[in-house]
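Participant: just a sequence and a predicted model for now, questions to come.
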Amino acid sequence: MLLITACADDHADLRKAIKTLDALQPATGSYVIIPNQGCEGCISTAEAFVKKHIDRQDNIRYIFTRIQSVKLLRIKLGSKVMSSSKILLDTTNLIGYPDKKKHIYPMIVTIKDHEIDEVIYQSPDDAGLDVLIKE
């Protein structure tokens, strides 16, 4: 029982941060949370995914966190991508990772019925973004 409560608390904090960043949070969908610092290859893969899929799937939003420079991020992604309503910037670093050891990787958060259903990662060992392509 304690384990379930601990996980629920972690997700409650994450859900609260997401709701703060996205007041229009959909009932069902996904968030790709991309740290600006961490596993460079994993982050580059996630940024390429954003550029390729920004106009394709309406139920996915992208949150950039731990941003060093919004200007550099705009250069990397392009003005068209950055101006999308699907792009959210966590400039105050509200997003916390439920698994603290994985804070260097992009995190995919699946929402069902306004609740966090699943949290997976894009890392050298996990291809979390592939789940979004299959939806």
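Facilitator: Received it, and whenever you're ready, just let me know what you need. Note that this is a predicted model, so its numbers are computed, not measured.
Participant: break down the protein into its helices, ranges please.
Facilitator: 2-21, 40-53, 70-77, 79-82, 129-134 (DSSP state H).
Participant: mean pLDDT added to the ones you listed, as a markdown table?
Facilitator: Converted to a markdown table, these look like this (pLDDT from 0 to 100):
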| stretch | mean pLDDT |
| --- | --- |
| helix 2-21 | 72 |
| helix 40-53 | 94 |
| helix 70-77 | 95 |
| helix 79-82 | 95 |
| helix 129-134 | 84 |
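Participant: so which of these is nearest residue 96?
Facilitator: helix 2-21 (5.6 Å; CB to CB). Heads up, the C-betas are built off the backbone N, CA and C, glycines and all.
Participant: look up how far residue 119 lies from residue 73.
Facilitator: Separation of residue 73 from residue 119 (CB to CB, to the nearest Å) stands at 23 Å.
Participant: show me what counts as buried in stretch 60-68.
Facilitator: 60, 61, 62, 63, 64, 65, 66, 67 (16 or more other CB atoms under 10 Å).
Participant: beta partners of the fifth one?
Facilitator: Translated: residue 64. Beta bridges link residue 64 to residue 34, residue 89 when assigned by DSSP bridges.
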